[in-house]
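>>> this one's sequence-less:
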């Protein structure tokens, strides 16, 4: 009898051990994943629109209520999440936390508001949802009608209450802690932790096996790294990323390395004279082969150009660049380089490019500008065909300088269409020749062209030593 009991106990122990191993393995799976008897993740099956763009959600079950993390991309995706919750518990959904404003994490909000949930987020998230949701919706309507059919019924539901630095929520027998570490992936990122279980939902701060989105206008790379350090410092046992399978805290270090490595590679490319288009072709992130949503990599490189270029090339002159203009390209450094700003507005497209290099010249004449035009025409990197129509004088700083003016159109093979007006001038300063090119595209509204060129020339007139 004793031998039988021992055999039964051994079998039961082996079964429990196998179940434990299986559960741990399931943490890296897709669909509804049980992280703990009270904590669950809904891991997207893949990056397609029908799969919710790879965005994960989760929920925490207390004795009294449920907290949900992110509501997914569409009403149908949100209903799938709600169905998963109801397969576990009938308790009321009291809270929904939006970790950030992106549609794949927030457009299902209305489904949970209808369940009585209070929607919690940062103020920045509410502002950006209200501002960008119509733009996203119009994009899908115009560019991706098949996706628009999935989300056309969505009415974005804004948050009901705002989180400051930290908020503790008692769900009955279990506590959830919502934390704001400052702007990182977006201006208003939140994480949701279950301290007693050492589980954290990272939102957009971490992607696992997916390229992160570094291109949001509210992103702050330096603080993003600091936020990741704080996340790792809490030593979570399980981390649920915004995209990709759940796992251990090692994914936080991988995310940190991705940001550091890509930033370093891109900054080095700028210093070596690689413009943006060339860097996009050449730069690969170590360890990121096979990452999903590879289409984000060019945008991440572009975002680093936008945020780091002026610091890297560090021209020894400055201009009063108006609000709204962003850096779109750059190469070189203080001795020789180029930086370009662009603005897309209701008045059309505006572009301003400043380049500089050492020179022994003592004056600038119109032929110098025509020579620059010829060099541009022979460059592989030139996007435009520039035809000179004449010349005029421009004010640059305290000097009056010669300028060439004319019309432009996109070069053949670029796949782009459009044309407009341009002007180009040069000035000598402290042993360097500074070249400034401006152009605009207004859809052939010539009155707007004149206004935009005049506005850009006013910016050029503010060129001065730092």
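Nice, I can see it. This one's a predicted model, so the numbers in the text were calculated from it and none came from an experiment.

>>> can we go C-alpha only for contacts and neighbour counts from here?
OK.

>>> Let me see the residues that make contact with stretch 154-172.
Applying CA atoms under 8 Å, 6 or more residues apart in numbering, the contact partners of stretch 154-172 are 61-67, 74-75, 106-110, 113, 118-123, 126, 129-130, 133, 175-181.

>>> how does it look with 6 Å?
62-65, 107, 109-110, 119-123, 126, 175-180 (CA atoms under 6 Å, 6 or more residues apart in numbering).

>>> could you give me the average pLDDT of that stretch?
For stretch 154-172, the mean pLDDT works out to 97.

>>> do stretch 335-350 as well
Per-residue pLDDT over stretch 335-350 has a mean of 95.

>>> tell me which residues in that stretch are buried?
Within stretch 335-350, the residues that count as buried by 16 or more other CA atoms under 10 Å are 336-343, 347-350.

>>> about what we covered before: okay, and which of the contacts of stretch 154-172 map to strands?
Mapping the contacts of stretch 154-172 onto strands (DSSP state E) picks out 119-121, 175-179.

>>> Quick check: of those residues, which lies closest to residue 30?
Comparing the ones in strands among the contacts of stretch 154-172 against residue 30 with CA to CA places residue 176 closest, at 23.1 Å.

>>> now the closest one: how far from residue 200?
10 Å (CA to CA, to the nearest Å).

>>> biggest separation within the buried residues of stretch 335-350, which pair?
Every pair of the buried residues of stretch 335-350 checked by CA to CA; the farthest is 336 and 347, at 32.4 Å.

>>> For residue 176 and residue 200, list the residues in contact with both.
residue 193.

>>> which residues in this structure form helices?
All helices of the chain, identified by DSSP state H, fall at 2-26, 75-86, 103-106, 109-113, 123-143, 145-151, 221-233, 250-271, 276-282, 296-313, 366-377, 446-460.

>>> buried subset of the ones in strands among the contacts of stretch 154-172?
Buried among these by 16+ other CA under 10 Å: 119-121, 175-176, 178-179.

>>> what's the closest of these to residue 217?
Nearest member of those to residue 217, counting by CA to CA, is residue 121, at 18.1 Å.

>>> per-residue pLDDT, the closest one?
Confidence at residue 121, expressed as pLDDT, is 98.

>>> ok, residue 342 - contacts?
For residue 342, the contact set (CA under 6 Å, 6+ apart) comprises 325-326, 350-351.

>>> Let's see which of those residues end up in strands.
326, 350-351.

>>> TSV for those, including distance to residue 418?
TSV is the format used below for the ones in strands among the contacts of residue 342 (distance: CA to CA, whole Å):
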residue	distance to residue 418
326	21
350	13
351	14
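
>>> so which of the buried residues of stretch 335-350 comes closest to residue 52?
Among these, and counting by CA to CA, the member closest to residue 52 is residue 343, at 31.6 Å.

>>> Quick check on the closest residue to that closest one other than its chain neighbours: phi, psi?
Nearest non-adjacent residue to residue 343, counting by CA to CA, 6 or more residues apart in numbering: residue 325, 4.7 Å away. When read as degrees, to the nearest 10, the backbone of residue 325 gives phi -70, psi 140.

>>> Identify the residues contacting residue 325.
Taking CA under 6 Å, 6+ apart, we find residue 325 in contact with 341-343.

>>> for the chain, what are the low-confidence residue spans?
The chain contains residues with pLDDT under 70 at 1-26.

>>> tell me the centre residue of it?
Geometric centre of the chain, nearest residue: residue 215, 2.4 Å, by CA atoms, centre = their mean.

>>> hang on, the earlier thing: quick one: which of the ones in strands among the contacts of stretch 154-172 is nearest residue 401?
residue 121 (53.2 Å).

>>> buried ones in stretch 391-408?
For stretch 391-408, by 16+ other CA under 10 Å, it's 394-397, 401-408.

>>> typed the wrong thing, it's stretch 431-442
432-442.

>>> Can you tell me what sits against that stretch?
Outside stretch 431-442, the residues touching it (CA under 6 Å, 6+ apart) are 348-359, 419-427.

>>> how close does residue 320 sit to residue 428?
19 Å.

>>> neighbour count winner among those two?
residue 428 (19 against 12; other CA atoms under 10 Å).

>>> Could you give the bridge partners of that one?
Using DSSP bridges, the bridge partners assigned to residue 428 are residue 433.

>>> Neighbours of residue 230, how many?
When neighbours are counted by other CA under 10 Å, residue 230 comes out with 12.

>>> Tell me the spacing between it and residue 57.
In terms of CA to CA, residue 230 sits 22 Å off from residue 57.

>>> Could you break this protein into its assigned domains?
Domain segmentation of the chain under automatic domain parsing yields 2-261, 314-465.

>>> Compute the first-to-last residue distance for the shortest one.
So that's domain 314-465. End-to-end for domain 314-465, by CA to CA: 12 Å.

>>> what distance separates that domain from the centre of its chain?
Mean-position distance between domain 314-465 and its chain equals 28 Å (CA atoms, centre = their mean, to the nearest Å).

>>> And for the longest one?
Here the centre of domain 2-261 is set off from its chain's centre by 18 Å, with CA atoms, centre = their mean.

>>> which among the buried ones among the ones in strands among the contacts of stretch 154-172 gets closest to residue 206?
Distances from residue 206 to these, taken by CA to CA, are shortest for residue 179, at 14.6 Å.

>>> I figured that closest one hits residue 193, correct?
No. Under the criterion of CA atoms under 6 Å, residue 179 is not in contact with residue 193, lying 8.0 Å apart.

>>> how about the domains of the chain, which one is nearest residue 303?
The closest of the domains of the chain to residue 303 is domain 2-261. By CA to CA, the value is 5.0 Å.

>>> May I have the residues that are in contact with residue 185?
205, 219.

>>> how close does it get to residue 222?
Using CA to CA, residue 185 is found at 10 Å from residue 222.
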